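>>> Just the structure for this:
(3 chains)
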Amino acid sequence: MKTQLKGLALAGFTSAAALFAMPASAVEIEYWQYFFDARVTAMDQLIANFEAANPDITVTMTHFPYADYRTKVAAAIPAGEGPDVVQLFYGWLNDYIESGLIQPLPADVFDPAMIDAEFFPMVGAMKVEGQYYALPTAVRSLALFYNTRLFEAAGIDGPPANLDELIADAEKLTERDAAGNITLEGITSGMTAQDHHWWREVLVRQYGGDPYMDDYRTVNYDTDAGRQALEFYSSLEQGLGVTASTFMDEPQAAFIAGRAGIHIDGSFRIGALADARGLEWAVAELPAGPDGTQSNYASYWVNAITSKAEGEKYDASVKFMEYLVSDEAMQIWLDVVGELPAKPSVGMTEANANNPVFGPFIRGLSYAHTTIFADESAQRQVMVDAVSRIQLERQSVADSLTQAATEEQAILDSYYNK
Amino acid sequence: MYRNLTIRQKQIVWAWAFLALPVVFYSVIRFYPTFNAILISFQDWNLLGARTWTGLENYEKLWNDAVFWKVFRNTFAYLLLGTPISLVLSFIVAYHLDKLRFMHGFLRMLYFLPFMTSAVAMAWVWRWFYQGVPIGLFNNILAGMGIAQINFLNSTTNALPAILAPAVWAGLGFQIIIFMAGLRAIPTSYYEAAKIDGVGWWTVLTQITLPLLRPTIVFIVVFSSIGFLRIFDIVFNMTTNNPGGPLNSTEPLVLMIYQTAFSSYDMGYASAQTVVLFTILLIVSLLQLRLLRSA
Amino acid sequence: MVAVPDVPIPSSRALLDTKPPRKPANMGQIIRWLLLFAGGVAMVMPIAYMISTSLKWPHEVYNVNLIPDDPTLDNYRYVLEDGRFYMWFWNSIIIATLTTASNLLFDSLVGYTLCKFRFPGRTIVFIAILSTLMIPTEMLVIPWYLMSQSFGWLDSYWGIMFPGMMTAFGTFLMKQFFESVPDDFIEAARIDGLNELQIWWTVAMPLVKPALAALAIFVFLGNWTAFLWPLIVTNSVDMYTIPVGLSGFGDEANVAWELIMTGAAISTIPTLVVFLIFQRFIIRGVVMAGLKG
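Below you'll find the predicted structure:
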């Protein structure tokens, strides 16, 4: 009896203490993103900072493998289950708005005119009918990673500046065993990874083409430029033999293992490469085209408030969103994830723009293009299959490209005419 | 009131009391979803918007979908290669293992061990084996012997058999055990009679052993056919870079269903595919049960 | 010609309790043994390589030697460090255990009722349950998913478990085994004043223990390795089962094969150890469940 009373008193005391420590309005909001080690680490830091500044708000983060991410979000929010603040790919915005998954950002806090002025121009794509629906903490672009130790060993004094140099360097770097199998790739390749972006937005343009028309609703790469670009790309493996798309299963794995000289990848790979023991690497801008044209592909993930957030959770979500697009958050994201700040005020600082690692990516932003995908994985699959047909079924580049254009147009048509 | 019931009536009350929960379970978790799947197959629905009736549109789309026919062929390729190969291999092993006494249990253990693994884990193990030089085990061994590389997974002809191999491998142990149980059930008197008649081992095998193993064989064929028609785990995990690839050459029906439903959110189209799977399984099982009957 | 009489029904007893006839160790037998031994070694080779690679340092991973030069548990430390594998393990154990318990209870109850009671509707219930064997789970995942979504079962243990709480296979298996329980026993228990629930639990169930064990092995193993439905119904990494977690881990590890092999080994070794300890028992269970079900 006595102990019970004591326990009761103690319980009363602790709950009273908890009451004092946490204001009555302690709100818990949920944040979702996909799993990528560095992104999770960075977000943990941002959440800790945010919670320290706003002790009345708790943010819980949930993350999923990339492959499942979109499904999970789409399924959970209508069920009233998922996140209050969600990270989504820029290309999904229209889908999300149309499906009522997200709500516009309040104009009093996120003034559209201010955002237009403060962010890099590509962020304007997040504005629909004058209202911003989502904002990025960071943007990313492509660049060329190269293994400096292998370059030195092959007697190459710097990264390739154009496509001819790229081929020459790759040939010098490639090593083969007695039977002719590649044991060290000159350059990695794989449409399943980032190469479909490189091909679409960079190579096609460098050969004088324009991959899409009508706001990315019409395929426009079944042209001479497109054929030359695909010819170039497939010759890396077919004719020159300086790469093998299946080498070590995934292109970045080969580069991380020090078994590839050149690797084209996004800025999000920097973190993983920095962790790779014994790997010495540097970054350069993507090689220029035959006529000196430079191009790049930029993409970004944005944060948005879901339609599930209401009342006090909505207010807390707005505060959290504000923090996610602050200069402080962008600098943390850059330092931890290696993604480029979405505002020039952070990105174009002396230190950031001339950074040996981030510099080439940031400089790439000035001539970058953003593909507006209807269904990115399906459109990527079209390119994967186009190259497979050339490699495995000996289809001609021209025929394969025509088929790819037809397939991708069908995807676009069924998406936009629904 | 219960007291006034006859023994028979009490039994009826008890029976239905026992069955109440299970009947609800089977109705809600098995029968309702079956009809629901058939219903959705006549609708267009992307999980977010409204469901609309489309009649037979999903089935028409399926009929005209070149990828579906490829997947259909793949599914039967898994079945028509996998079932006979595993049947013959497991019978040969069981037949000979049955004649050995020395370290019998140990040998049986070696063959059975793969059955205890999970398909996901083994898919990744085999995926590594199949890589090219310098990392893949098989190709490294080939290279060490100076033999040309085999492109296991990135090939429209090799990939399906390469993915099938671990599936056969993992199921072999179970079939061997079942075969051995079947072999051991044949009374030794038949063999003794055959010995007295002085017939050769081939005649014994074809005239005594195999006919008497008929129920075992039918069981194994039914069991493994259903398994191969539903193959998914191993294909999914071995081709995560390019699901069902290259060029859909390894994609089985269940993977197509998964992608249509949970990657493209085309629930109606995916449901139509599940109805096709259901029909195939039904026909194959009924055919095989008929074979069993006619025995 | 030897006439073929009635086909004998195989049983687990015949497999495990009789030994193959002793034969003289002639050349043929020795060759047969050697070939079978070689085949058996080949069968376990993939498992051996998985374990061996998980014990190698990264620089040695792609050498074909089976015995690591300098074995290390470093990969295990790395993989287990963040605790995810423990969590997935725990999830799998809970799910497989609860599902198995539910199957043992309900499948035997239904099997018993269908076997030992005479009541209107018996045949219909029996045929209805049996007919669900014909419905592939792949057909049901979409409706199950929608159901889970509307009831809020997504990403929960119950969500993963509910489709498998009872199985027609188990029910049919148990019904077969209850046939061997003499009706006299049940009648005697009734005369002794036991109610039907007591009769089932205290009289009938103890008599079918081997069948219960066989069913338990089958259901547990099936749930332990289940992939498609857990992949669909789980959202958060915390709710993954071992196979789902491992599948995502493979891609996430940037194809560092020694880490993937370690993950695969972690998910496989426990079942292998359990099998090696209870080998006879498990093989008997598998044969019984396989042949009678």
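>>> Count the neighbours of the closest residue to chain C within the stretch 201-350 of chain A for me.
Going by Cβ to the nearest Cβ, chain C is nearest to A:A253 of the stretch 201-350 of chain A, at 4.0 Å. Backbone N, C-alpha and C define where each C-beta goes, glycine included. Neighbour count of A:A253, defined by other Cβ atoms under 10 Å in any protein chain shown: 20.
>>> wait, doesn't it sit right on C:A256?
Yes: with contact defined as Cβ atoms under 8 Å, A:A253 counts as touching C:A256 (7.5 Å).
>>> Run through who's touching stretch A:87-100.
Contact with stretch A:87-100 is made by A:31-34, A:70, A:73-74, A:78, A:101-102, A:125-126, A:128, A:133-134, A:136, A:299-304, A:307, A:370-373, A:376, B:48-49, as judged by Cβ atoms under 8 Å, 6 or more residues apart in numbering or on different chains.
>>> so of the residues you listed, which ones are in strands?
A:31-34, A:102, A:128, A:136, A:299-304 (DSSP state E).
>>> now those in a markdown table, with neighbour count, pLDDT and distance to chain B?
Shown next, in a markdown table, are these (neighbours: other Cβ atoms under 10 Å in any protein chain shown; pLDDT from 0 to 100; distance: Cβ to the nearest Cβ, whole Å):
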| residue | neighbour count | pLDDT | distance to chain B |
| --- | --- | --- | --- |
| A:Y31 | 22 | 93 | 21 |
| A:W32 | 24 | 91 | 17 |
| A:Q33 | 23 | 88 | 19 |
| A:Y34 | 20 | 84 | 14 |
| A:I102 | 26 | 90 | 12 |
| A:V128 | 13 | 82 | 18 |
| A:P136 | 27 | 92 | 24 |
| A:S299 | 23 | 88 | 19 |
| A:Y300 | 24 | 89 | 22 |
| A:W301 | 21 | 89 | 19 |
| A:V302 | 27 | 92 | 19 |
| A:N303 | 23 | 94 | 20 |
| A:A304 | 27 | 94 | 16 |
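>>> got those as JSON lines, with distance to A:T406 columns?
As requested, these are exported to JSON lines (distance: Cβ to Cβ, whole Å):
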{"residue": "A:Y31", "distance to A:T406": "41"}
{"residue": "A:W32", "distance to A:T406": "36"}
{"residue": "A:Q33", "distance to A:T406": "35"}
{"residue": "A:Y34", "distance to A:T406": "31"}
{"residue": "A:I102", "distance to A:T406": "33"}
{"residue": "A:V128", "distance to A:T406": "30"}
{"residue": "A:P136", "distance to A:T406": "34"}
{"residue": "A:S299", "distance to A:T406": "25"}
{"residue": "A:Y300", "distance to A:T406": "30"}
{"residue": "A:W301", "distance to A:T406": "31"}
{"residue": "A:V302", "distance to A:T406": "32"}
{"residue": "A:N303", "distance to A:T406": "37"}
{"residue": "A:A304", "distance to A:T406": "34"}
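>>> out of the contacts of stretch A:87-100, who's near chain C?
Contacts with chain C within the contacts of stretch A:87-100, counted by Cβ under 8 Å from any Cβ of the partner chain: A:P78.
>>> Let's test this: name the helix or strand in the chain with the lowest mean pLDDT.
Since no chain was named, I'll use chain A. Sorting the helices and strands of chain A by mean pLDDT, DSSP states H and E puts helix A:2-21 at the bottom, at a mean of 41.
>>> wrong one, I was asking about chain B
helix B:188-197 (a mean of 85).
>>> so how many other residues sit close to residue 167?
All of this is about chain A. 20.
>>> let's do chain B instead
24.
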